[in-house]
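Colleague: pasted the sequence and its predicted model underneath.
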Amino acid sequence: MESYIVFGLVLLVVVIGATLALVAPRFRKPPTLPPAPPKKQVPPAPTTQAPPAPPVVEAPPVVEAPPPVVEAPPVVEAPPVEVPQLETPEPTAGRLVRLRARLSRSQNVFGKGLLALLSRDKLDDDTWDEIEETLIGADVGVAATTEIVGKLRERARVHGTATASELRGMLADELVTALEPQLDRSLAATQRDGRPGVLLVVGVNGAGKTTTCGKIARVLIADGHTVVMGAADTFRAAAAEQLATWGGRVGAEVVRGPEGADPASVAFDAVKRGIEAGVDTVLIDTAGRLQNKVGLMDELGKVKRVVEKHGPVDETLLILDATTGQNGLEQARVFTEVVDVTGVVLTKLDGTAKGGIVIAVQRKLGIPVKLVGLGEGPDDLAPFDARQFVDALVGTDA
Ligand SMILES: Nc1nc2c(ncn2[C@@H]2O[C@H](COP(=O)(O)OP(=O)(O)O)[C@@H](O)[C@H]2O)c(=O)[nH]1
Ligand SMILES: [Mg+2]
């Protein structure tokens, strides 16, 4: 019996041992494998933590954003200075008629004043003397006045019973005749033989040279031409600046040198540039600060000689301030001795009651008035026309 119990116990031990041997590996395997995956899945977590980093990297882009914002303002500033700022000058046709009101001071003398005299019942010697005095007072000049009044008086005598308005018409005719309407007043400003027309602008200080250069550039551009300007007044930096401003408004290139540069070399460079660029016109602004005739001779003569290494100067315009009257005329005569003046521009006719200066200038200098300045505005420059001018002055166009 005891041996059965022992056998049973031994069998139990063997069965338990075998069971353990079979189960144990099963318990060991699972634990070995799972741990690995969980550890590998942890890295993914850090990877999930990386994305948070990028957002931090995206922050700098926000820092990059401001620069574009800083660049934006300059773009806003640019337009007012350049592209859209180019102006379209007024057409030149009919400018003198449009600006006729600017002659109001002269109109009072020639129109109202003379009409009152011509309206008198009897045109006696005293009245004719007064008419003469009025014309001389309006800067027509003694010789021209004597001629005009002499002819008018003769016509009135032949006519017998002329009305005031008929007499006014006769006076207008005589003024037109005195202005030599047949003179060629066109500007030699466009290309010839494949090279630009070269215009030299001369005159005393303050006459309006730089302003007139700017206005002429606008006139030419309005008529479809291309223009280069040369700032040969190198005494003051402001003079070149003034010209550059005029040029910038209508897209005319301005060639300039440093302050104190040789005016002749700036003028030379301007013409060179004009030829290279193939423009229609080169306008050269000069200095008027010339104390004596010798200095004037030296400087203007040199400018002209040096420019003519490129070819002839096509037009030399003398700028004359109408408000300086007969005195200005004497000063101007010096210029005609130094350079071959081909045309006169009479400026500031809006500021004088002495519009008769146009007649005196042409008569004394023997040079046609080609343009007249009637204000400081950019388009206040008109091609001169004798009939239109006289009609505006005397009121025969009303
Ligand atoms: N009222 C009026 N002023 C003018 C005319 N032309 C020029 N001016 C003025 O005269 C002054 C002198 O002109 P500027 O061109 O600098 O003279 P420059 O020294 O000969 O170059 C400026 O204030 C111009 O605006 C004009 O036709 N009428
Ligand atoms: Mg000037």
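Modeller: Done, it's in. Ligands and ions are numbered 1, 2, ... in the order given.
Colleague: in this structure, what residue lies closest to ligand 2?
Modeller: residue 210 (3.3 Å; C-beta to the ion). No exception for glycine: its C-beta is placed from N, CA and C like everyone else's.
Colleague: could you dump stretch 342-362 to PDB, C-alpha only?
Modeller: Only the C-alpha atoms of stretch 342-362 are listed here, as PDB (Å, rounded to 0.1, in the frame of the first residue of the first chain):
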ATOM      1  CA  THR A 342      18.400 133.600 -84.600                       C
ATOM      2  CA  GLY A 343      15.300 134.300 -82.500                       C
ATOM      3  CA  VAL A 344      14.000 136.200 -79.500                       C
ATOM      4  CA  VAL A 345      11.800 134.900 -76.700                       C
ATOM      5  CA  LEU A 346      10.200 137.800 -74.900                       C
ATOM      6  CA  THR A 347       9.300 136.700 -71.300                       C
ATOM      7  CA  LYS A 348       7.000 138.200 -68.600                       C
ATOM      8  CA  LEU A 349       4.700 139.900 -71.100                       C
ATOM      9  CA  ASP A 350       2.100 139.200 -68.500                       C
ATOM     10  CA  GLY A 351       3.800 141.500 -66.000                       C
ATOM     11  CA  THR A 352       4.000 144.700 -68.100                       C
ATOM     12  CA  ALA A 353       1.700 147.400 -69.600                       C
ATOM     13  CA  LYS A 354       4.400 147.900 -72.200                       C
ATOM     14  CA  GLY A 355       3.600 145.200 -74.700                       C
ATOM     15  CA  GLY A 356       4.900 147.500 -77.400                       C
ATOM     16  CA  ILE A 357       8.300 146.200 -76.600                       C
ATOM     17  CA  VAL A 358       7.800 143.400 -79.100                       C
ATOM     18  CA  ILE A 359       7.800 145.900 -81.900                       C
ATOM     19  CA  ALA A 360      10.900 147.700 -80.600                       C
ATOM     20  CA  VAL A 361      12.800 144.500 -80.000                       C
ATOM     21  CA  GLN A 362      12.300 143.200 -83.600                       C
END
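Colleague: burial count for the residue of the chain closest to ligand 2?
Modeller: Neighbours of residue 210 under the rule other C-beta atoms under 10 Å: 26.
Colleague: what helices or strands is the helix or strand hosting it leaning on?
Modeller: Secondary structure from DSSP states H and E places residue 210 in helix 209-222. Under the contact criterion of 3 or more C-beta pairs under 8 Å, 6 or more residues apart in numbering; DSSP states H and E, helix 209-222 touches strand 197-202, strand 227-231, helix 237-250, strand 281-285, strand 315-321, strand 343-347, strand 369-373, strand 381-383.
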